[in-house]
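Novice: what follows is a predicted protein model with its sequence.
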Amino acid sequence: MRTSWADSADNSAIGSANNNTSACPPRAAYVPPHLRNRTLSSEVPPVVPVSHSASLPPANDRVNYGGPTGGSYSKPDIGRQGHGSSFQTGGGWNSRGAGRDRGRREVNPFENDEAEDDSISEQENTGINFDAYDDIPVETSGDNVPPPVNTFAEIDLGEALNQNIQRCKYVKPTPVQRYAIPISLAGRDLMACAQTGSGKTAAFCFPIISGIMREQYVQKPRVARTAFPLALILSPTRELSCQIHDEAKKFSYQTGVKVVVAYGGAPINQQLRELERGVDILVATPGRLVDLLERARVSLQMIRYLALDEADRMLDMGFEPQIRKIVEQMDMPPPGMRQTLLFSATFPKEIQSLASDFLSNYVFLAVGRVGSSTDLIAQRVEYVLESDKRSHLMDLLHAQRENGIYGKQGLTLVFVETKKGADALEHCLCVNGFPATSIHGDRSQQERELALRSFKSGNTPILVATDVAARGLDIPRVAHVVNFDLPNDIDDYVHRIGRTGRAGKMGLATAFFNESNLSLAKSLADLMQEANQEVPAWLTRYAARATYGGGNRNRRSGGNRFGGRDFRREGSFNKATDYYGGTGGYGGYSGGYGQGVASAWD
Ligand SMILES: Nc1ncnc2c1ncn2[C@@H]1O[C@H](COP(=O)(O)OP(=O)(O)OP(=O)(O)O)[C@@H](O)[C@H]1O
């Protein structure tokens, strides 16, 4: 049975076992605001009031793709102009057998969804309101951009995939899907930017799965123990790769398309065995993939589709060398011979410029402004001194629990800058009766997965995380994101708060700001204003000070944060000077890490 936050808090208060974190020593118990005048009130700072505005066949038998008529589908027409010309409707896919895995019974990935507690599914389905995205301005640029669709029915994705879309309860495509799917189905390369939680995963998975379903005549080389995937999806973290894998498995159920995941920190042997059984779509983190390539257990020579999720992150300083190695220095077909799809919620122009090396005659798609946050998220920023942060956080959590605003199932994600900080805060919350767990790069993969599971299930409804959990993770019941430590980069802020307010639902994000965040003041104020949020007067003053006093070192300062979209339209943009700072190195780019802050990424 599920344990609610309130229940577990009560349990921990009376000393019952917390099944997630190590036993917490009995220490300085947190005193909630309403009891403070009776206890150690002098130690506790004044409390800032918390205000919130806020039936398909279950068969396991393979169903072959049976498009309406039997036209045959020629290989993806890579690099072709226009759209739809050679993507005939009623493609004749009917014989995919997922390689050597043919005899294995396919696990029904929807089983858990169906078995899920009714109250929770109800809760998750209410409030999904993609009409909320209808007013968002969309920009496309490039030659002969294929037109968008309004419904899934207008696109011929194949019957098996259509059934899975219904099983997922996707009634209509989200805006990014309306545009990106036809563009990708037309064989075009794509750089797509759309807000967090707006359905980008399906936007790149559907065309890839559909394309592979139609490829009847692919002859893979027969090299013992080497896997030849047709599609590669790269993402920056292990957890995100697992999530994409899970989603792609759902979308490809009974299509015959085989999806495998490979990521670091987990035993490689099991992943090798999966690869040996056959793979069409490989979802991977870069490090583990390089390992597999160097062992010659994976070859990229058959790659038709390359997708980079969180593409700007994949191409910034931390990952770019590995990505170049995978994409340019191994045996992957070059741009024009493969289809490349880049997706993110943020795309700084210097990264767009860099990314263009991987693309051929691509379409640029922006749903909403590049790097903007969705206004489904109510954003609050509060001035909190470093020394007051813990008690302030506990006040917020306490008020949240008392008010029961988000019901018993509401989850809170708290971001901090360092791994040590994450451990310390988890411990502090835990000893004060707030059931918390943590996720960061120093925890073993097993611990990371356990923590995430415990959080998702509501057993520990507070997760303290570094940026390792900032991007892509789709946890439906995250009601509140707290930036306990603000990041140095506004794009990281956008991704972090995007863990709530997803799929048309409302969310709340609270940030603790103080003098050490001066460099973020202007971009934060601009971002909030653009998302129709109330910007406190004191933040506006800090923003002005940062602008005039030179304190704003955020890489997208200087007034052009919302100016640039498709960087190709900004004729004067020069990669050599803007990105590399004219030094041939990375001098001009401040990246996402503050000085001395180790990478939280895989
Ligand atoms: N057409 C749709 N109808 C209903 N729900 C959808 C649809 N498409 C996607 N979703 C749901 O929306 C949620 C967010 O999707 P997804 O994780 O792909 O967002 P994203 O844009 O990749 O976010 P992020 O930028 O944070 O990575 C998921 O739970 C997904 O199942």
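Specialist: That came through, no problem.

Novice: nearest residue to the residue sitting nearest the centre point of the chain other than its sequence neighbours?
Specialist: In the chain, the C-alpha nearest the mean C-alpha coordinate belongs to Gly472, at 1.0 Å (CA atoms, centre = their mean). Excluding the flanking residues, the one nearest Gly472 by CB to CB, 6 or more residues apart in numbering is Leu240, at 4.0 Å. To be clear about C-beta, it is placed using only N, CA and C from the backbone, and glycine gets the same treatment.

Novice: that's a helix at that neighbour, yeah?
Specialist: Yes - Leu240: assigned to a helix according to DSSP: H, G, I helix; E, B strand; the rest coil.

Novice: gap between it and the ligand?
Specialist: As judged by CB to the nearest ligand atom, to the nearest Å, Leu240 and the ligand stand 8 Å apart.

Novice: still on that earlier bit, show me what contacts the residue nearest to the centre of the chain?
Specialist: By CB atoms under 8 Å, 6 or more residues apart in numbering, Gly472 lies in contact with Ser235, Pro236, Thr237, Leu240, Gln243, Ile244, Asp309, Glu310, His495.

Novice: pull the most distant pair out of those residues.
Specialist: By the measure CB to CB, Ile244 and His495 form the most distant pair in the contacts of Gly472, at 15.5 Å.

Novice: neighbours of Asn112, how many?
Specialist: Neighbour count for Asn112, taken as other CB atoms under 10 Å: 8.

Novice: gap between it and the ligand?
Specialist: From Asn112 across to the ligand, the span is 14 Å (CB to the nearest ligand atom).

Novice: element containing that residue, please.
Specialist: Following DSSP states H and E, one finds Asn112 within helix 111-115.

Novice: alpha carbons of stretch 385-392, as CSV, please.
Specialist: Listed next in CSV are the C-alpha coordinates belonging to stretch 385-392 (Å, rounded to 0.1, in the frame of the first residue of the first chain):
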residue,chain,number,x,y,z
LEU,A,385,20.1,34.4,3.5
GLU,A,386,22.3,31.4,3.2
SER,A,387,22.1,30.7,6.9
ASP,A,388,18.3,30.8,6.9
LYS,A,389,17.8,28.5,3.9
ARG,A,390,17.2,25.3,5.9
SER,A,391,14.7,26.6,8.3
HIS,A,392,13.0,28.5,5.5
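
Novice: quick one: average pLDDT of that stretch?
Specialist: Average pLDDT, stretch 385-392: 97.

Novice: please shift the residue numbers so they start at 313 in all later answers.
Specialist: That works, and once the first residue is 313, the last one we named lands at stretch 697-704.

Novice: for that stretch, which residues meet the burial criterion?
Specialist: Asp700, Lys701, Arg702, Ser703, His704 (16 or more other CB atoms under 10 Å).

Novice: filter those residues down to the ones in helices?
Specialist: If you go by DSSP state H, the buried residues of stretch 697-704 have Lys701, Arg702, Ser703, His704 in helices.

Novice: how about the closest residue to the first one other than its chain neighbours, secondary structure?
Specialist: In space, not counting the residues next to it along the chain, Lys701 is nearest to Phe824; the distance is 5.5 Å by CB to CB, 6+ apart. Under three-state DSSP, the three-state class of Phe824 is strand.

Novice: distance to Leu587 added to the buried residues of stretch 697-704, as a markdown table?
Specialist: Formatted as a markdown table, the buried residues of stretch 697-704 follow (distance: CB to CB, whole Å):
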| residue | distance to Leu587 |
| --- | --- |
| Asp700 | 51 |
| Lys701 | 45 |
| Arg702 | 46 |
| Ser703 | 50 |
| His704 | 48 |
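
Novice: nearest to Asn456, of those residues?
Specialist: For the buried residues of stretch 697-704, the closest approach to Asn456 (CB to CB) belongs to Lys701, at 52.7 Å.

Novice: against Ala608, how distant is that closest one?
Specialist: Lys701 sits 50 Å away from Ala608, going by CB to CB, to the nearest Å.

Novice: Thr652: helix or strand, and which one exactly?
Specialist: Element membership for Thr652 (DSSP H and E) is strand 651-656.

Novice: helices or strands up against that strand?
Specialist: helix 487-497, strand 502-506, helix 512-526, strand 617-621, helix 623-626 (3 or more CB pairs under 8 Å, 6 or more residues apart in numbering; DSSP states H and E).

Novice: and this structure, which residues reach the ligand?
Specialist: By the rule CB under 6 Å from any ligand atom, the part of the chain lying against the ligand is 440, 482, 485-486, 489, 506, 508-514, 657, 784, 786, 810, 814-815.

Novice: redo that, cut-off 5 Å
Specialist: 482, 486, 508-514, 657, 784, 786, 810, 814-815 (CB under 5 Å from any ligand atom).

Novice: which of those scores worst on pLDDT?
Specialist: Scoring the residues of the chain next to the ligand by pLDDT puts Ala815 last, at 88.

Novice: ok, that residue touching Thr508?
Specialist: No - in this structure, Ala815 is not within contact of Thr508 by CB atoms under 8 Å, at 10.2 Å.

Novice: which one's more surrounded, those two?
Specialist: Thr508 (26 against 20).

Novice: please name the nearest non-neighbouring residue to the more buried one.
Specialist: Gly810 (2.5 Å).

Novice: residues contacting that neighbour?
Specialist: Gly810 makes contact with Gln507, Thr508, Gly509, Ala657, Ser685, Thr686, Ile689, according to CB under 8 Å, 6+ apart.

Novice: now the phi/psi pair for it, please.
Specialist: Main-chain dihedrals, Gly810, degrees, to the nearest 10: phi -70, psi 0.

Novice: Val776 now?
Specialist: Main-chain torsions, Val776, degrees, to the nearest 10: phi -100, psi 130.

Novice: quick one, grab the pLDDT at it.
Specialist: 98.

Novice: pull up the gap between it and the ligand, please.
Specialist: 19 Å.

Novice: can you classify the nearest residue to that residue once chain neighbours are set aside as helix, strand or coil?
Specialist: In space, and not counting its chain neighbours, Val776 is closest to Ser750: 4.3 Å by CB to CB, 6+ apart. Following three-state DSSP, we place Ser750 in the strand state.
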